[in-house]
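**Q** coords please:
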Amino acid sequence: MINNEKKSIKKGTEKGVKIIILSIVFTLILFLSLSYVSAYKWACLTKGQSVPNDEDPRYTCEKDHCRLCLTDTNYPTSFSKCNGLNVCSTFDGDGVIDSEPPVLNISSPINNEVYSSRNVLFSITINEPAMLYYTDNINGRGRWKRIQGFTKSYNRGISFSEGLNNITIKGEDKHGNTAEYVIVFNIDSREPVIKRTTPERGFVNSVFNVEYDEENVEKVMLHYGTENNMKELTLNNCPSGRRVSCSVEVDLSEFDGQEIMYWFHIIDIAGGEELSKEIIIAVDYSKPIIQNLNHMANDKKVTFFVEYVEPFLDEILYRYTDGRGKEREKRLCSKAGNGVCEDDVRFNDGEYEVDIIVKDKAGNEAFRTTNFLIDSKDPRIKRTFPDKKFADGLFEIEFDEDNPSSLLLHYGTPDDMRTSEINLGECTLDKFTFCSKIVDLDDFESREISYWFELIDIVGNTALSRAKMLKVDTTAPVLNNDNFWTLDDKGYVQFMFDVTEENFGEISYTDQSESRPRERRLCSRLVNGLCNVKKRFIKGHHVVDIKIMDEAGNAISERIEFDVV
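**A** Reported below is the predicted structural model:
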C-alpha cells in the first residue's frame with residue numbers, strides 16, 4: 001500500500017513538472033515572437049548617411065535615397081527580416097529617428113505689410129539645416145523656386161511685382177520633413193504722379209478735378225482758399241490705376257468774387273505722396289441771367305436776339321436736334337457788347353426747339369428754349385376739279401405742302417363771288433394731299449361761274465390755282481318712260497330710253513352677274529331725246545344697273561333683272 005502511494009505521488013510530481021516545462025516553453029516562444037516583431041525595421045537614408053552611426057559606418061548611402069533592413073540596434077541585416085513591414089524610418093547622424101519638420105522664424109517679409117521697394121528682404125532663421133523654397137500663390141502655377149541650399153539662416157532681398165503678393169515659404173530638412181508658411185504683402189514702389197488738375201486758369205465755380213497715375217491710392221486731398229482762410233477736403237472713393245481722375249464739388253459761395261489758390265495732395269498705401277502745383281484762380285459762383293430772348297425768321301434765316309447779364313462771359317451757344325435726330329451744338333456769340341448777342345443762323349425746313357445757352361468763364365450756365373418752324377417752299381397746287389364745262393357743286397383739289405394753314409374755295413359770278421373754307425383735317429394724304437368740298441350752286445343754275453383755290457402755309461406763303469369758267473348744272477336727267485327694255489327669246493335686250501336733259505352725257509350699264517362687273521356704254525348722244533340700242537346677254541340670270549348722267553356729273557340709276565334661257 002505504501003508502494004502504491006509512492007507511485008501515485010511520483011506520477012503527480014511528474015505531471016506537475018511537465019506543466020511547468022510546457023509553461024516555460026510557451027512563454028519563451030511568445031517572448032521570441034514578440035522580440036522578432038520589434039527587432040527589425042526598414043530605414044530610409046539620404047546620400048552620405050551611415051548606420052548604425054557616423055562613428056561606426058557599417059553602411060553608408062551613396063545615392064540620393066537608400067532603403068535597407070536594420071536590427072533594433074540599427075545594424076544592417078537581411079531584407080527578408082523586414083518582410084511585411086511598411087514603415088520607413090529616417091535617421092540623423094547619430095542614428096536617431098528624425099520625423100520633426102524644421103522650425104522657421106521669419107522676421108521678414110511680414111504678413112499684411114506694405115513695402116515701398118520691389119526688393120523685399122527675406123530674413124529667416126531655422127532650428128536645423130534646411131533647404132529654403134518659395135512659390136507665388138497668385139501667378140506661380142504651383143512651381144517652387146529655391147532660395148538657398150541647406151542653411152540655418154537667410155538674410156537677402158528678393159524682387160517681387162508691384163501690388164498684392166501672396167507667397168508660401170517652405171523649409172525642408174535633409175530627412176525630407178517640411179514646414180510651410182503663407183505670407184501676404186503689398187508692394188508700392190512708385191510714388192503717385194499727378195498728370196493734370198482743373199481748372200488750370202481763369203475762373204472756377206465749384207468743381208475741381210485731378211488726373212493721376214497711382215495703383216494704390218490711400219488718400220486724395222484738396223487744399224483751397226485764401227492765405228488767411230485755407231481749407232482742406234478729403235475726396236471720397238477716388239479710384240486707383242493709370243490715367244484715372246477724381247472730382248469734387250465744393251461750395252465756394254464764401255469766396256465769390258475773390259481769388260483763391262488750390263492744389264491736390266495724393267498719398268499711396270506705402271506712404272509715397274505727390275503735391276500738384278499751386279494754381280491761383282478767380283471764383284465766379286453766380287450763374288448768368290438771360291433777361292430776354294427773341295427770334296425772327298425770314299425764309300431759312302433766323303435772327304436771334306439775346307439779352308443777358310454776365311460780367312465774365314465765355315460764349316453763347318445754340319443747341320437743337322436736326323432732321324436726322326442728331327443733336328447739334330454751335331456757337332452763337334463769343335464776344336457780345338453791352339449784354340446783347342445778335343446773330344443769324346440758317347436752318348433747313350422743319351420744326352425746331354432751340355436751346356440758347358449762356359456760359360461764363362467759370363463754367364456756370366443758363367439756358368432758355370424757343371420754338372419756330374422753317375418752311376421756305378411755297379405751296380404747290382397740282383390739280384383741281386372740275387376741269388370741264390360744267391359744275392354740279394363738287395370741287396376737288398390736290399396739292400403739295402407739308403405745313404398747310406388754310407385752304408379756301410372762291411366761286412361765283414363777278415357780281416356774286418363767294419368763299420368757302422375747307423377743313424384741312426378732313427383731307428387725305430397720299431403722295432399729295434387731296435381735299436374736296438360740296439357747295440350749293442342752286443342760285444347759279446344754268447349760269448356760268450368761275451372758281452379757284454387759295455392755299456396758305458403756316459408761314460404765310462400762298463398759292464392760287466388757275467381760275468376756271470364752268471356752267472352750273474345741278475339738275476339730274478329725267479327718264480320719261482318706265483318700260484325702257486324688252487327681252488326676246490334669243491337673249492337680246494332692246495333698250496329704248498326717253499330722256500329729258502339739256503346737257504346729256506351718256507347712258508351706261510353694269511352687269512352685276514359677271515365675275516368681274518364693269519361699266520359699259522349704251523349711248524353717248526340722244527336722237528330727238530331718245531336712246532335706242534340692242535345688247536345680247538348670255539344664258540343665265542342677270543342683274544343690270546343702268547346709269548343716265550349729264551355732262552355736269554348729275555346722274556340717275558335704274559336696276560333691271562331677267563333670265564336668258
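**Q** Number of residues surrounding the closest residue to Lys81 other than its chain neighbours?
**A** In this structure, Lys81 finds its nearest non-sequential neighbour in Tyr40, 4.3 Å apart by C-beta to C-beta, 6 or more residues apart in numbering. Yep, even glycine has a C-beta here, placed from its N, CA and C like the rest. By other C-beta atoms under 10 Å, 19 other residues sit near Tyr40.
**Q** contacting residues around Tyr40?
**A** 69-72, 77, 81-82, 85 (C-beta atoms under 8 Å, 6 or more residues apart in numbering).
**Q** For Trp371, give me its contacts.
**A** Not quite, residue 371 is Asn, not Trp. Contacts for Asn371 (C-beta under 8 Å, 6+ apart) come out as 351-354.
**Q** can you check Lys170 too?
**A** Counting by C-beta under 8 Å, 6+ apart, Lys170 makes contact with 132-135, 144, 178-181.
**Q** Have a look at those and tell me the least confident one.
**A** Of all the contacts of Lys170, Thr178 carries the smallest pLDDT score, 91.
**Q** Wait, that residue touches Trp144, no?
**A** No - the pair Thr178 and Trp144 fails to qualify as a contact (C-beta atoms under 8 Å) at a distance of 10.7 Å.
**Q** Give me the distance between the residue positioned nearest the centre of the chain and Asp343.
**A** By C-alpha atoms, centre = their mean, the chain has its centre lying nearest to Lys326, at 18.7 Å. Lys326 is 22 Å from Asp343, where distance means C-beta to C-beta, to the nearest Å.
**Q** Narrow the contacts of Lys170 to just the buried residues.
**A** Buried members of these, scored by 16 or more other C-beta atoms under 10 Å, are 132-135, 179.
**Q** circling back: what about burial for the contacts of Asn371, which qualify?
**A** Among these, those that count as buried by neighbour count (16+ other C-beta under 10 Å) are 352, 354.
**Q** Distance to Lys174 for the contacts of Asn371 - can I get that in a markdown table?
**A** A markdown table is the format used below for those (distance: C-beta to C-beta, whole Å):
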| residue | distance to Lys174 |
| --- | --- |
| Glu351 | 92 |
| Tyr352 | 90 |
| Glu353 | 87 |
| Val354 | 88 |
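**Q** so which pair among the contacts of Asn371 is furthest apart in space?
**A** Checked with C-beta to C-beta, the contacts of Asn371 reach their widest spread between Glu351 and Val354, with 10.7 Å between them.
**Q** So for the two, which residues contact both of them?
**A** Counting by C-beta under 8 Å, 6+ apart, the shared contacts of Glu351 and Val354 are 371-372.
**Q** show me where pLDDT drops low in the stretch 201-350 of the chain?
**A** Low-confidence segments of the stretch 201-350 of the chain (pLDDT under 70): 336.
**Q** I meant the chain, not that one.
**A** In the chain (pLDDT under 70), the answer is 1-38, 86-98, 336.
**Q** Mind splitting it into its structural domains?
**A** Domains of the chain are assigned by automatic domain parsing as 104-187, 193-283, 291-373, 380-472, 478-564.
**Q** Tabulate those (JSON lines), appending distance to Gln49.
**A** Below are the domains of the chain laid out as JSON lines (distance: least, C-beta to C-beta, whole Å):
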{"stretch": "domain 104-187", "distance to Gln49": "8"}
{"stretch": "domain 193-283", "distance to Gln49": "47"}
{"stretch": "domain 291-373", "distance to Gln49": "81"}
{"stretch": "domain 380-472", "distance to Gln49": "104"}
{"stretch": "domain 478-564", "distance to Gln49": "116"}
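**Q** Which residues are in contact with the closest residue to Ser116 other than its chain neighbours?
**A** With sequence-adjacent residues excluded and distances taken as C-beta to C-beta, 6+ apart, Ser116 is closest to Ala270, at 4.2 Å. By C-beta under 8 Å, 6+ apart, the contact list for Ala270 reads 114-116, 186-189, 216.
**Q** With Met221 as the reference, measure out to Ala270.
**A** Going from Ala270 to Met221 by C-beta to C-beta gives 17 Å.
**Q** what sits up against stretch 104-112?
**A** With contact meaning C-beta under 8 Å, 6+ apart, stretch 104-112 is reached by 115, 120-126, 130, 167, 169, 171, 179, 181, 183-185.
**Q** and those, which of them are in strands?
**A** Among the contacts of stretch 104-112, the members found in strands (DSSP state E) are 115, 120-126, 130, 167, 169, 171, 179, 181, 183-185.
**Q** List only buried entries from these.
**A** Buried subset of these (neighbour count, 16+ other C-beta under 10 Å): 115, 120, 122, 124, 126, 130, 167, 169, 171, 179, 183, 185.
**Q** any idea which of these is closest to His65?
**A** Using C-beta to C-beta, Ala130 comes nearest to His65 of those, at 17.4 Å.
**Q** Quick one: neighbours of Ile316, just the number.
**A** For Ile316, the neighbour count with other C-beta under 10 Å is 25.
**Q** so it makes contact with Asp355?
**A** No - between Ile316 and Asp355 there is no contact under C-beta under 8 Å: 11.1 Å.
**Q** Could you double-check that Ile260 sits in contact with His223?
**A** No - using C-beta under 8 Å, Ile260 is not in contact with His223, being 10.3 Å away.
**Q** Looking at these two now, which is surrounded by more residues?
**A** Neighbour comparison, Ile260 and His223: the larger count goes to Ile260, with 19 against 16 (by other C-beta under 10 Å).
**Q** what is the residue lying closest to Ser80 once chain neighbours are set aside paired to in the beta sheet?
**A** Of all residues not flanking Ser80 in the chain, Cys69 sits nearest, at 7.9 Å (C-beta to C-beta, 6+ apart). For Cys69, the beta-bridge partners under DSSP bridges are Trp42.
**Q** Asp443: which of the contacts of Lys170 is nearest?
**A** Nearest to Asp443 among those: Thr135, at 111.1 Å, using C-beta to C-beta.
**Q** in which helix or strand would I find the closest one?
**A** strand 119-136 (DSSP states H and E).
**Q** Phi first, then psi, for Phe79.
**A** Phe79 adopts backbone torsions of phi -60, psi -30, taken as degrees, to the nearest 10.
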